[in-house]
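*Asks:* whatever this is, show me its structure:
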Amino acid sequence: MSNVGYTPGAGKTIGTDSISSVEYQRVKTVIGATGKTSDMRAVTPGQSVASTAAGTTIASSSGILFGIAYWSTATGAATMTLRDSTTSSTGNVLWGATLSTGVGTRTYNEWFGPQGVKMASGLRVVRSGVKTNVIVYYVSPTPA
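*Replies:* Numbers count the residues shown, from 1 in each chain. Reported below is the predicted structural model:
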């Protein structure tokens, strides 16, 4: 890998995306400690899980959790917890919320900011109550 200088009209080609006649540079996102980088890759980005199952493992490796959206159209309470784990009873709780009882669609959205929440060992959805749907946004770094 090397740094590339750019002078309009000369040098290497830079990738762009044209939106409304404006060119936006395409970039590759990396993460890492100071002085180090690791390429990021999506692990089933925006995976959608629609189930009444007690738990679903979404990722089985380290990564960064960026956000969650979950909703229910059923009457009754719906509780959702995300654990840094591949089992429903171990690991740290990364996030949790309960949708109140009621009729009609109820939603909950949470964004953890550009830094996200670090997952050390995996990502497990644990839910109880009425049927819920969830979309979890996360990435898993490739090995350095």
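
*Asks:* for this protein, name the helix or strand with the lowest mean pLDDT.
*Replies:* For the chain, using mean pLDDT, DSSP states H and E, the weakest element among its helices and strands is strand 47-51, scoring a mean of 46.

*Asks:* direction included, what does the helix or strand just after it pair up with?
*Replies:* Later in the chain than strand 47-51, the nearest helix or strand by DSSP states H and E is strand 55-59. The strands that strand 55-59 pairs with in its sheet are strand 123-129 (antiparallel) (by DSSP bridges).

*Asks:* the strand it pairs with: which residues count as buried?
*Replies:* 123-127, 129 (16 or more other C-beta atoms under 10 Å). Yep, even glycine has a C-beta here, placed from its N, CA and C like the rest.

*Asks:* how far away from the center of its chain is it?
*Replies:* 15 Å (C-alpha atoms, centre = their mean, to the nearest Å).

*Asks:* repeat that for stretch 133-141.
*Replies:* Per C-alpha atoms, centre = their mean, the centroid offset for stretch 133-141 relative to its chain is 3 Å.

*Asks:* helix, strand or coil for Lys36?
*Replies:* Put simply, Lys36 is coil when judged by DSSP: H, G, I helix; E, B strand; the rest coil.

*Asks:* so what's the residue count around it?
*Replies:* 9 (other C-beta atoms under 10 Å).

*Asks:* quick one, strands of the protein?
*Replies:* Counting by DSSP state E, residue ranges of the strands within the chain are 16-19, 22-25, 30-31, 38-41, 47-51, 55-59, 63-72, 78-84, 92-99, 106-111, 117-119, 123-129, 132-141.

*Asks:* for Thr86, give me its contacts.
*Replies:* 57, 60, 121-122, 124 (C-beta atoms under 8 Å, 6 or more residues apart in numbering).

*Asks:* whoops, I mixed them up, Ser85
*Replies:* Ser85 touches 91-92, 121-122, 124, counting by C-beta under 8 Å, 6+ apart.
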